[in-house]
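Asker: Kindly return the folded structure for what I paste below:
(chains A, B, C, D, E, F, G and H)
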Number of protein chains: 8
Amino acid sequence: MATRFPDPSPPVAVIMGSRSDWPTMQHATEALDALGVAHDTRVISAHRTPDRMVDFARSAKARGVKVIIAGAGGAAHLPGMVASLTELPVLGVPVKSKALKGLDSLLSIVQMPGGVPVGTLAVGEAGARNAGLLAASILALSDTGLADRLTAWRAGQSDSVPDSVED
Amino acid sequence: MATRFPDPSPPVAVIMGSRSDWPTMQHATEALDALGVAHDTRVISAHRTPDRMVDFARSAKARGVKVIIAGAGGAAHLPGMVASLTELPVLGVPVKSKALKGLDSLLSIVQMPGGVPVGTLAVGEAGARNAGLLAASILALSDTGLADRLTAWRAGQSDSVPDSVED
Amino acid sequence: MATRFPDPSPPVAVIMGSRSDWPTMQHATEALDALGVAHDTRVISAHRTPDRMVDFARSAKARGVKVIIAGAGGAAHLPGMVASLTELPVLGVPVKSKALKGLDSLLSIVQMPGGVPVGTLAVGEAGARNAGLLAASILALSDTGLADRLTAWRAGQSDSVPDSVED
Amino acid sequence: MATRFPDPSPPVAVIMGSRSDWPTMQHATEALDALGVAHDTRVISAHRTPDRMVDFARSAKARGVKVIIAGAGGAAHLPGMVASLTELPVLGVPVKSKALKGLDSLLSIVQMPGGVPVGTLAVGEAGARNAGLLAASILALSDTGLADRLTAWRAGQSDSVPDSVED
Amino acid sequence: MATRFPDPSPPVAVIMGSRSDWPTMQHATEALDALGVAHDTRVISAHRTPDRMVDFARSAKARGVKVIIAGAGGAAHLPGMVASLTELPVLGVPVKSKALKGLDSLLSIVQMPGGVPVGTLAVGEAGARNAGLLAASILALSDTGLADRLTAWRAGQSDSVPDSVED
Amino acid sequence: MATRFPDPSPPVAVIMGSRSDWPTMQHATEALDALGVAHDTRVISAHRTPDRMVDFARSAKARGVKVIIAGAGGAAHLPGMVASLTELPVLGVPVKSKALKGLDSLLSIVQMPGGVPVGTLAVGEAGARNAGLLAASILALSDTGLADRLTAWRAGQSDSVPDSVED
Amino acid sequence: MATRFPDPSPPVAVIMGSRSDWPTMQHATEALDALGVAHDTRVISAHRTPDRMVDFARSAKARGVKVIIAGAGGAAHLPGMVASLTELPVLGVPVKSKALKGLDSLLSIVQMPGGVPVGTLAVGEAGARNAGLLAASILALSDTGLADRLTAWRAGQSDSVPDSVED
Amino acid sequence: MATRFPDPSPPVAVIMGSRSDWPTMQHATEALDALGVAHDTRVISAHRTPDRMVDFARSAKARGVKVIIAGAGGAAHLPGMVASLTELPVLGVPVKSKALKGLDSLLSIVQMPGGVPVGTLAVGEAGARNAGLLAASILALSDTGLADRLTAWRAGQSDSVPDSVED
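Answerer: Residues are numbered from 1 along each chain as shown, chains lettered A, B, ... in the order given. Prediction:
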């Protein structure tokens, strides 16, 4: 199948429904960068570019993608629709919405019917960052170098928590 | 495009994500029947049968469908995804869900981003019935016979409201 | 019936409960303008000007209105009450409210009882814009020129979604 | 103005959007009966019988009604619309709805915009009962007999609360 | 009973749980002023000054108070507790809270158990203003001068709604 | 001060707004019984018996009460009002309500303003049981026998959790 | 480290906070069984057996566990705490709770702070089933036999969706 | 057991999941300071420093801690997990979160299962302040000096509530 997407692809694809999601979703790529996990980043809208979405999701496995991180807000259909089009693990990030503050995004992503899973993270930046970390932990199952980097990163995280409430 | 769907089609297509939505969605077909509007009824799952959904939505206009009524529950993506694949008016019916009582269904359907509208009705049976009535009112704009039947039906509805609280 | 409203009217009437709704509702008129759909815009309050509302809604069909877009916030009764007074399709836009962020507006508009439908869009600007687009898709069912413009607009929308997350 | 409603009317009118609201709303009439306050009870639907609603509300004051109690569920517009059509005090009772358990009813009634008040009571039977009591306390301001009965009723209520958790 | 509160009192008492509620609650007094209804305004905290609250509520009727307007935020107990201590009509105004935006205030005020009613208005300024108007409509039942002023005010309100969305 | 309540009292007082709260609140007394903590149980309604509530709360400390457990539902004012009338620690149990399932009870109890604390437990039976346990842990600070019994009870609880999902 | 848990372990561990979660969580094991994925099932309570939880989570990676599925209800801390104690991917299933219908379970699991991810599924049975499927899709990244079985299972799922709403 | 925490400790330990919680939690320490209650303040993250948390909670009672105040936001597990690791009374403060405004924090803390109680205060600063006051009231049960200071503080609080709404 001809595709507009890179083949071969890096193991993690980070997609989002709109450029306005990027300030949130870049926390996913920062986490991946910190752990040395290669990734590709794209704007793909379930609603405005459905063909692009089908092309992306249907070709992802063959292109070498291992884990897909999808962020969207409001009636956020991107993570679930991508999950319906590929057997790869899909992680969903609910982006905070204007009126309802991401409650709509969260429910639209997490409440998937039985049969098509989306592993959903928290609303907003923390969720995006954690999507990156969870993707890394999945890849680390068969990459001992990454597993070691993750172990070190986690230890560093624990050590960096200050004991006192102020400097 | 070859399609599994009837060509030509009746003017209203009533689709739903699962057979378990039928007890709700039949209130849409009952309203259409009462007004003499022909319709076709199908199970199409955005998540479990995405190809069927694309085939349905992409071919609908050419097959003569005028209005699409789509019901789904939970992370309800069917109405919005169909709306992303056709320029026809799409009406969404949030089906009551087990845990969150349809709040998830409602937000997943109504909170569509700018550019791809879904006209959303109430959660559950009342919403399904109203989707049928709204489809009829849309078709009545260019069908004076239907317009007359709708006027009569509305008058009958008003007359049937009892004045007293008990017989 | 004597009426204060224009006769004949353009096919779409955009009404709102208060001038403070205009920054939201103008996204509906912008969408209509982009598709070349004539429209009339009015402030009509269900609560503060009930007579004006009854006059508007009862006369709308005879004046040539085809679709009514009604926006309101809080205990938003305008869309549902107009729908009770006319058989024309009514589209409702929940305007974001101060305290409850439009959840009240949304539920007040969408949860109509069986018998009187309001096709409800998202809370706020996205919903207003989509109300304009949905009205256009309804009118396009019997206006091939508009149907062609809508097709072109939708294609342009898809093409305008950037692939990359930054310039 | 010719009206289908009794003239003169008893001082309290209890109206509701549907016969299905009666099991809830009869708790209002029971409270009024217990305090010896005459009342009239009617089904009036804002959405299905808007003309009946306008006739009722516009004529109420002249017919001698003093306080209106209005119960409705879902997108509950009856209390607010009646309040927009009369200067009499209007008390609203949110009836528990199927899917959203009355949260929609409550917000649709209580979140009225500045200018048109509805004194709103609790969702369901307790709210209906309290609407009757509040109507009585309003009438008692200019009816010393009723004021005395209300005082006695309140004292009786306090005395009837058992001290122990079981008999 | 000796009391710190004015005896005789004006017919409407406007009380609030904290000085920080005043920017909201002054909308109640403005509405009363506009209709020429005398009122007394006090800070009374159910939680921090319970004795003051009991003194106020127990003495209110004898001091000539007719209607009590009580505003409070968060776990807002003032309206309901005052209603438990007097047979006068009590109107509650939920003040918008910091974290939960007044949803807590609203539910704490409106969800009173059967037996002790609080007529609840909308969250925030609109609710405060409407509490003033509802108090006036209650007093107008036995004050024809006030009834006339209220009629005029309502007519003026309707007339002041502009027809056009912009000047 | 003369009081209707026992003097001296056992160290824990379990009060509730209505007999209908007893099936929930008896889980508090069962936990106290299991730990050998004496307690007194009463129905006291903030709204229907405000004088009884004031008498109870004002006299509690002098009568030897150490901790008060108060359960109530809906607009649940009992815990907060008791806390405003005594310096003793007050623990609040939100009883599940009919329409809103205890969300109203929870917010009415937990969202107390700064200055008057209520230590709030979970909605329903688990919360009642935990109120008993928390009261015991408070008393155990100065009662080593009770502290030992609590330690044993906690160990027994851990041991009783089965490892397997079925027998 | 000595541990009470099997060493070596099957690749998926399904744990839950209480035996009462088993009717929900068995949908996870059924999905794993359908795909031929070995698993171990345990009751581990974050709150009642914290030591067991620490033992389980700290030893899991060394025992050969690859993916952990954790289900819990109410203030559901098990998934997040296990995720804090291991670098393995953790999937969380919010079990429907009595009063708040799983909204508390969902928010307690999904809203993890940046640094410690939990991939969260839907509330209840659908979420449990999807946790099993997502675990399988993760393991399939390095198990081509499982990948083939998953592909076949997904195809079978699509084929099994009926076209018609009734037999 | 060797511990990094002070031994002996002051009677109240105030802990929080992150330094970003300090602006909220310092309201707890201010209340303790005002009443002359010694306290120790620490950052302890349930998720990022689980070992530190176990060390803290397991050693607290032996180190002389009497009451623990724990603040956290989002999926706030710190209060509940500490409560699972000690028999001391634990008070939880839900810190306001970015997207969901503390509703997630509140439910994660308060909805503890039967067996492990957390006395939960309001979301945000008021809750932190009240946690300090409630801790003081608990310690005052066996410290008459503190009891007297608390009595004086409460009286001062009542006196400081102004009567008038403005200076």
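
Asker: quick one: A:Ala60 and A:Thr29, what's the gap?
Answerer: 17 Å (C-beta to C-beta, to the nearest Å). From N, CA and C alone the C-beta is placed, and that goes for glycine too.

Asker: and the residue nearest the centre of chain A, what is it in contact with?
Answerer: When C-alpha atoms, centre = their mean is applied to chain A, the residue found nearest the centroid is A:Ile69 (2.0 Å). When contacts are counted by C-beta atoms under 8 Å, 6 or more residues apart in numbering or on different chains, A:Ile69 touches A:12-15, A:25, A:28, A:90-91, A:93, A:128, A:131-132, A:135.

Asker: List only buried entries from these.
Answerer: Applying 16 or more other C-beta atoms under 10 Å in any protein chain shown to the contacts of A:Ile69, the neighbour count classes A:12-15, A:25, A:28, A:90-91, A:93, A:128, A:131-132, A:135 as buried.

Asker: Would you map the helices across chain A?
Answerer: Ranges of helices in chain A, per DSSP state H, are A:22-34, A:50-60, A:78-85, A:103-110, A:125-139, A:144-159.

Asker: right, so those helices: which one is the most enclosed?
Answerer: helix A:103-110 (a mean of 31; mean count of other C-beta atoms under 10 Å in any protein chain shown).

Asker: quick check: angle from that one to helix A:78-85?
Answerer: Angle, helix A:103-110 to helix A:78-85, by axes from the mean of the first three to the mean of the last three C-alpha atoms, to 10 degrees: 10 degrees.

Asker: wait, does helix A:103-110 contact chain F?
Answerer: No. Shown here: helix A:103-110 not in contact with chain F (C-beta under 8 Å from any C-beta of the partner chain), separated by at least 14.5 Å.

Asker: related to what we said a few turns ago, and the helices of chain A: which comes nearest D:Pro162?
Answerer: Ranking these by proximity to D:Pro162 (C-beta to C-beta) places helix A:103-110 first, at 42.4 Å.

Asker: Let me see the mean pLDDT of that closest one.
Answerer: Across helix A:103-110, pLDDT averages out at 98.

Asker: from the middle of its chain, how far away would it be?
Answerer: Helix A:103-110 has its C-alpha centroid displaced from the chain centroid by 15 Å (C-alpha atoms, centre = their mean, to the nearest Å).

Asker: and it with helix A:125-139, angle?
Answerer: 20 degrees.

Asker: and for helix A:103-110, what are the contacting residues?
Answerer: For helix A:103-110, contacts defined as C-beta under 8 Å, 6+ apart pick out A:72-77, A:79-80, A:92-97, A:118, A:120, A:123, B:75, B:77, B:100, B:103-104, B:107-108, B:111, G:106, G:110, G:120-122, H:99-100.

Asker: still on that earlier bit, got a markdown table for the helices of chain A, with distance to E:Arg4 too?
Answerer: Listed next are the helices of chain A as a markdown table, based on distance: least, C-beta to C-beta, whole Å:
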| stretch | distance to E:Arg4 |
| --- | --- |
| helix A:22-34 | 55 |
| helix A:50-60 | 69 |
| helix A:78-85 | 62 |
| helix A:103-110 | 46 |
| helix A:125-139 | 51 |
| helix A:144-159 | 58 |
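
Asker: which one of those lies closest to G:Ala140?
Answerer: Across the helices of chain A, G:Ala140 has its closest neighbour in helix A:125-139 (11.0 Å, C-beta to C-beta).

Asker: burial of A:Arg19, as a residue count?
Answerer: Residues contacting A:Arg19 under the criterion other C-beta atoms under 10 Å in any protein chain shown number 16.

Asker: Verify the stated contact: it with C:Pro162.
Answerer: Yes. Counting by C-beta atoms under 8 Å, A:Arg19 touches C:Pro162, with 6.2 Å between them.

Asker: so what sits against both of those two?
Answerer: A:Val43.

Asker: give me every residue that touches the closest residue to chain G within chain A.
Answerer: As assessed by C-beta to the nearest C-beta, chain G sits closest to A:Gly119 within chain A, at 2.8 Å. Shown in contact with A:Gly119 (C-beta under 8 Å, 6+ apart): A:Pro89, A:Val90, A:Leu91, A:Gly92, A:Leu134, G:Leu91, G:Gly119, G:Thr120, G:Leu121, G:Leu134.

Asker: What distance do you get for it to A:Ile138?
Answerer: Separation of A:Gly119 from A:Ile138 (C-beta to C-beta): 9 Å.

Asker: cool, A:Asp163 as well?
Answerer: Distance from A:Asp163 to A:Ile138, by C-beta to C-beta: 32 Å.

Asker: circling back: which of the contacts of helix A:103-110 fall within strands?
Answerer: Residues of the contacts of helix A:103-110 located in strands (DSSP state E): A:Ala72, A:Gly73, A:Gly92, A:Val93, A:Pro94, A:Val95, A:Thr120, G:Thr120.

Asker: Any idea how far apart the tips of stretch A:137-150 sit?
Answerer: 7 Å (C-alpha to C-alpha, to the nearest Å).

Asker: is chain G contacted by that stretch?
Answerer: Yes. Stretch A:137-150 lies within reach of chain G by C-beta under 8 Å from any C-beta, at A:Ser137, A:Ile138, A:Leu139, A:Ala140, A:Leu141, A:Ser142, A:Ala147, A:Leu150.

Asker: any idea which of those is closest to B:Ala34?
Answerer: Taking the residues of stretch A:137-150 next to chain G together and measuring to B:Ala34 by C-beta to C-beta, the closest member is A:Ile138, at 52.9 Å.

Asker: Understood, closing this out.
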